[in-house]
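*Asks:* Could you look at this predicted model? Sequence included:
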Amino acid sequence: MSKARLSFVLEDALGWRTYRARLEAVLAQREDIEAQVIPVTLTRRDTLFFKRNNMRSRDHLFRRIDPIDAFAGRTGRAIRAGLSEFRSEAVHFAAHWPAAALAGQAGAMPFTVTLDNTRAGIERDLPRGAWTAADMAREAALLQAAAHVFPMSHWTARSVISDCGVAPEAVTVMPPSIDVAQFVPARLAGREGKLRVIFIGNDIARKGAVDLANWIAGPLAELAELHIVSGDPAARALSDKATVHGRVPNARLVTELLPEMDVLCLPTRSDMSPQVLAEAAAAGLPAVASRIGGIPDMILEGETGFTVPAGDAAGFVAALAGLAQNRILAAKIGTSARAHAVEAFDAARNFNQLIDRLVAIARTKHGEPKL
């Protein structure tokens, strides 16, 4: 049997860049396929007028173009040309909006998508006023056209099914995936002194670093110290309340910094399925994070960490204080977190399952085996 010709159209921005790197590493190990990777590398100028999830107050004045419409038209031309030249049998898109370059095209090959949110889910649970009913319907039609959908959380999966009308059998939850083996687990057993709390992320105001710094400097001052890893220039203003490391190379983060920490805290007010929670688990750290979006999928309550309602300062302080005062519990949770990362977040296993699904789709046309 000939090798399946598969294409992967992958966004090269933010967390999707790591997704692309991990998937490409797995693709390199597969000898049963011929793989093409098409990166989506739009400039800020390209997307200046695109609507986006994190629309701000004045964005509505000029961000009027639905990215799905854009990829269905001129923005998707390079994607369509690349797929045609390679003669793809099936295509995977991550994230999902660029799939509009293919959906609805006459004679288009089947495609699958990965996504970490839906417009309907955001407007219901993390309301931003970014998406209209027409925008949501457009996204639903795109997802219905997919041969299979890989949401990153059950939160997103529920919306894909109930809001977007995708059949449950065409949906497989696949959480953020990382190279678990590269992480050096922290040794929490027997540690003393202040609880070392780490925050990792940009856009520190939205993700709660400012609140966290105030809690550490206030009610937790005798129990904990804070370390901030962020490329956000605003983080420097917190240097009187925390050790601000700035942007840290990934190799140093996973082998040096994370193993020296005791807990990761992410008191974010708006997030989907933050990859940093998978990374903390792989490092054997308990996590305390907001109970929003797909986060409850990533933290097993009381086993690998704790979730707290977004904005509940008292809840976050209590969770961190509990770990500071019970280091045996913190070490036990850290061990469970590492085991959960191996089970749930391993890129090799997750992406091989995705590729296997795409191979099966490529081998099948309208339910009949391909000749």
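*Replies:* Arrived safely.
*Asks:* Strands along the stretch 1-150 of the chain, start to end?
*Replies:* Taking DSSP state E, counting those that start in this stretch to define them, one finds strands in the stretch 1-150 of the chain at 4-11, 33-40, 90-94, 111-115, 148-151.
*Asks:* Tabulate the ones you listed in CSV, adding columns for mean neighbour count and mean pLDDT.
*Replies:* Using the backbone N, CA and C atoms, a C-beta is placed for each residue, glycine as well. Formatted as CSV, the strands of the stretch 1-150 of the chain follow (neighbours: other C-beta atoms under 10 Å; pLDDT from 0 to 100):
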stretch, mean neighbour count, mean pLDDT
strand 4-11, 23, 96
strand 33-40, 18, 96
strand 90-94, 27, 97
strand 111-115, 25, 97
strand 148-151, 26, 98
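*Asks:* for the stretch 251-371 of the chain, what are the low-confidence residue spans?
*Replies:* 365-371 (pLDDT under 70).
*Asks:* Strands along that one, start to end?
*Replies:* Counting by DSSP E, counting those that start in this stretch, the strands of the stretch 251-371 of the chain are 263-266, 287-290, 305-308, 364-365, 368-369.
*Asks:* what about these, which gets the closest to residue 87?
*Replies:* Smallest distance to residue 87 across those (C-beta to C-beta): 14.7 Å, for strand 364-365.
*Asks:* In TSV, list the strands of the stretch 1-150 of the chain along with distance to residue 210.
*Replies:* Formatted as TSV, those follow (distance: least, C-beta to C-beta, whole Å):
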stretch	distance to residue 210
strand 4-11	29
strand 33-40	32
strand 90-94	31
strand 111-115	29
strand 148-151	31
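*Asks:* Quick one, which of those strands gets closest to residue 136.
*Replies:* strand 111-115 (13.5 Å).
*Asks:* Next, the angle from that closest one to strand 90-94.
*Replies:* Calculated by axes from the mean of the first three to the mean of the last three C-alpha atoms, to 10 degrees, strand 111-115 forms an angle of 10 degrees with strand 90-94.
*Asks:* Could you list every helix and strand in contact with strand 111-115?
*Replies:* When contacts are defined as 3 or more C-beta pairs under 8 Å, 6 or more residues apart in numbering; DSSP states H and E, strand 111-115 packs onto strand 90-94, strand 148-151, helix 347-362.
*Asks:* Straight-line length of stretch 68-77, end to end?
*Replies:* 13 Å (C-alpha to C-alpha, to the nearest Å).
*Asks:* Repeat that for stretch 229-237.
*Replies:* First-to-last residue span, stretch 229-237, C-alpha to C-alpha: 13 Å.
*Asks:* just so I know, which of the strands of the stretch 1-150 of the chain lies nearest residue 304?
*Replies:* Taking the strands of the stretch 1-150 of the chain one by one with C-beta to C-beta, strand 148-151 is closest: 20.5 Å.
*Asks:* buried ones in the next helix-or-strand element following the closest one?
*Replies:* For strand 148-151, the following helix or strand on the C-terminal side (DSSP states H and E) is helix 154-162. For helix 154-162, the buried set under the neighbour-count rule, 16 or more other C-beta atoms under 10 Å, comprises 155-157, 159-161.
*Asks:* Stretch 63-73 now?
*Replies:* Those would be 63, 66-72, for stretch 63-73 by 16+ other C-beta under 10 Å.
*Asks:* quick one: the helices in the stretch 151-300 of the chain?
*Replies:* 154-162, 204-207, 209-217, 250-252, 275-282, 295-298 (DSSP state H, counting those that start in this stretch).
*Asks:* just those: most buried one?
*Replies:* Of all those, helix 275-282 has the most neighbours on average by mean count of other C-beta atoms under 10 Å, namely a mean of 27.
*Asks:* ends of stretch 160-179, how far apart?
*Replies:* 27 Å.
*Asks:* surely residue 152 meets residue 272?
*Replies:* Yes: between residue 152 and residue 272 a contact is recorded at 7.0 Å, counting by C-beta atoms under 8 Å.
*Asks:* what do the two both touch?
*Replies:* 116, 294 (C-beta atoms under 8 Å, 6 or more residues apart in numbering).
*Asks:* who touches residue 352 in this structure?
*Replies:* Per C-beta under 8 Å, 6+ apart, neighbours of residue 352: 26, 30.
*Asks:* So which bits of stretch 18-26 are buried?
*Replies:* Result for stretch 18-26 [16+ other C-beta under 10 Å]: buried residues 18-20, 22-23, 26.
*Asks:* returning to what we had before: out of the helices of the stretch 151-300 of the chain, which gets nearest to residue 340?
*Replies:* helix 275-282 (5.6 Å).
*Asks:* Looking at residue 152 and residue 272, which one has more neighbours?
*Replies:* Ranked by neighbour count (other C-beta atoms under 10 Å), residue 152 and residue 272 place residue 152 first, with 27 against 24.
*Asks:* With distance to residue 171 added, can I get the helices of the stretch 151-300 of the chain in TSV?
*Replies:* Converted to TSV, the helices of the stretch 151-300 of the chain look like this (distance: least, C-beta to C-beta, whole Å):
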stretch	distance to residue 171
helix 154-162	5
helix 204-207	28
helix 209-217	34
helix 250-252	31
helix 275-282	20
helix 295-298	14
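*Asks:* the longest helix in the chain is where?
*Replies:* In the chain, assigned by DSSP state H, the helix with the most residues is helix 327-344.
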